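A.B. asks: Build the 3D model from these lines:
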Amino acid sequence: MSNTETSPAEVVCAARAAAARVEVLTPRDVPLGGPRAMTVRRTLPQRDRSMIGAWCFADHYGPDDVSATGGMDVAPHPHTGLQTASWLFSGEIEHRDSLGVHALVRPGELNLMTGGHGICHSEVSTPGTTVLHGVQLWIALPDAHRDAPRDFRHHVPEPVALPGAVVRVFLGELAGTTSPVPAFTPLLGAEVVLEPGADLVLDVDPGFEHGVLVDRGAVELAGARVDHAELGYLAPGHDALRLANPGGGPARVMLLGGRPFGEEIVMWWNFVGRDHDEIARFRAEWQAESDRFGRVAGYPGDRLPAPALPNGRLRPRGNPPLPPR
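C.D. replies: Now for the predicted structure:
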């Protein structure tokens, strides 16, 4: 998915010291392209937190009646230095990219695209989709792999039944199951559905920081309430993660985790780089239709033009310092 903001903020992200408390992050609404744009709820990046492990971007959308909103129609756009992870709860999206992949994104299936050195892709909800509902996530690539070649992986995780919950692990390891999809940094990505009144304790890597994005209902993360569309953050230092559903209906969350990234990055529009000059070069190459990004075949329209760079040099912005433990 593209960041279609006309004046995107630049972001530098860095690892910070751990703190044993839950931060609750609220999303902001962002229109996603076109005069009948669908609205997404963006929880990463924001001023209070830029990354969770290597997860550097999280858009949450729907459920949208696409007959009323016009659905998703994101024209070909570029990426560098990252991976995109698409996960749906309902609906279907047609994906095309410059690797030559033409695939459908369906509920409960991971589509992971690597755009290290450079890639471009389009995303369009299918005509048969009535309700579109899902998340789009970005993963920053570490310096050693940020020029990785284009790649695309598809994986359908098996549901794992736990007392009061069902877990689908699409990246990393959790609840005795391991995703076969390789990652460039230690990561965790999973969908967790909690029955009403469920109280679930998951064994997790104490070196990971974790985020819980609530899609349905409300949950308690380590005793702190996290409401619909909010993201609860828990710093490293915990070998167990407690999730409870205090409501009378099912709750559904996306669980994201990873070791603190440990590198500074600059993120602007759809590019991840290391400094202003590199981002400016990526933009110029996209505008010049460079071979770095290739071309998307089969999309019935023009590419997205890159927005103008800000007047000044791209400024660092990272996670605020946490209080001493």
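A.B. asks: In the chain, where's the longest helix?
C.D. replies: In the chain, assigned by DSSP state H, the helix with the most residues is helix 276-287.
A.B. asks: which residues does residue 272 contact?
C.D. replies: Counting by Cβ atoms under 8 Å, 6 or more residues apart in numbering, residue 272 makes contact with 56, 79-82, 138, 140-141, 146, 265-266. From N, CA and C alone the C-beta is placed, and that goes for glycine too.
A.B. asks: Equivalent analysis for residue 129, please.
C.D. replies: 66, 71, 91-93.
A.B. asks: so how far is residue 88 from it?
C.D. replies: 10 Å (Cβ to Cβ, to the nearest Å).
A.B. asks: go on, residue 288?
C.D. replies: 34 Å.
A.B. asks: Now for this protein, the helix or strand with the poorest mean pLDDT.
C.D. replies: strand 11-13 (a mean of 53; mean pLDDT, DSSP states H and E).
A.B. asks: Tell me where the model's unsure across the chain.
C.D. replies: Scanning the chain for pLDDT under 70 picks out the ranges 1-7, 9-20, 33-37, 315-325.
A.B. asks: what helix or strand does residue 59 sit in?
C.D. replies: strand 55-65 (DSSP states H and E).
A.B. asks: Tell me the helix or strand right after that strand.
C.D. replies: Counting by DSSP H and E, the next helix or strand C-terminal to strand 55-65 is helix 66-69.
A.B. asks: distance between that following helix and the chain's centre?
C.D. replies: 24 Å (Cα atoms, centre = their mean, to the nearest Å).
A.B. asks: then that helix to CSV, C-alphas only?
C.D. replies: Extracted C-alpha coordinates of helix 66-69, given in CSV (Å, rounded to 0.1, in the frame of the first residue of the first chain):
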residue,chain,number,x,y,z
VAL,A,66,-16.8,-0.6,-1.0
SER,A,67,-20.0,0.1,-3.0
ALA,A,68,-20.2,3.3,-0.9
THR,A,69,-16.6,4.2,-0.6
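A.B. asks: Return the set of buried residues in that helix.
C.D. replies: Neighbour counts over helix 66-69 (16 or more other Cβ atoms under 10 Å) mark 66, 69 as buried.
A.B. asks: Also stretch 277-295?
C.D. replies: 278-283, 285-286, 292-294.
A.B. asks: Between the two ends of that stretch, how far is it?
C.D. replies: Stretch 277-295 has its terminal residues 24 Å apart, counting by Cα to Cα, to the nearest Å.
A.B. asks: how about the closest residue to residue 71 other than its chain neighbours, what does it touch?
C.D. replies: Among residues not flanking residue 71 along the chain, residue 125 sits closest, at 3.8 Å (Cβ to Cβ, 6 or more residues apart in numbering). By Cβ under 8 Å, 6+ apart, the contact list for residue 125 reads 66, 71-73, 91-94, 132.
A.B. asks: any idea how far residue 111 is from the closest residue to residue 159 other than its chain neighbours?
C.D. replies: Once flanking residues are discounted, residue 159 sits nearest to residue 166: 5.0 Å by Cβ to Cβ, 6+ apart. According to Cβ to Cβ, residue 166 stands 21 Å off from residue 111.
A.B. asks: Same check on residue 181?
C.D. replies: Noted for residue 181: a distance of 10 Å to residue 111, by Cβ to Cβ.
A.B. asks: Between the two, which contacts overlap?
C.D. replies: With Cβ under 8 Å, 6+ apart as the test, residue 181 and residue 111 both reach residue 153.
A.B. asks: who has more neighbours, these two?
C.D. replies: Neighbour tally, residue 181 and residue 111, criterion other Cβ atoms under 10 Å: the higher count belongs to residue 111, 22 against 18.
A.B. asks: List the buried residues for the helix or strand that contains the more buried one?
C.D. replies: In the assignment (DSSP H and E), residue 111 maps to strand 110-115. Using 16+ other Cβ under 10 Å as the test for burial, strand 110-115 gives 110-115.
A.B. asks: Adding distance to residue 151, write those residues out as CSV.
C.D. replies: Converted to CSV, those look like this (distance: Cβ to Cβ, whole Å):
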residue, distance to residue 151
110, 13
111, 12
112, 8
113, 7
114, 4
115, 9
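A.B. asks: Alright, calling it a day.
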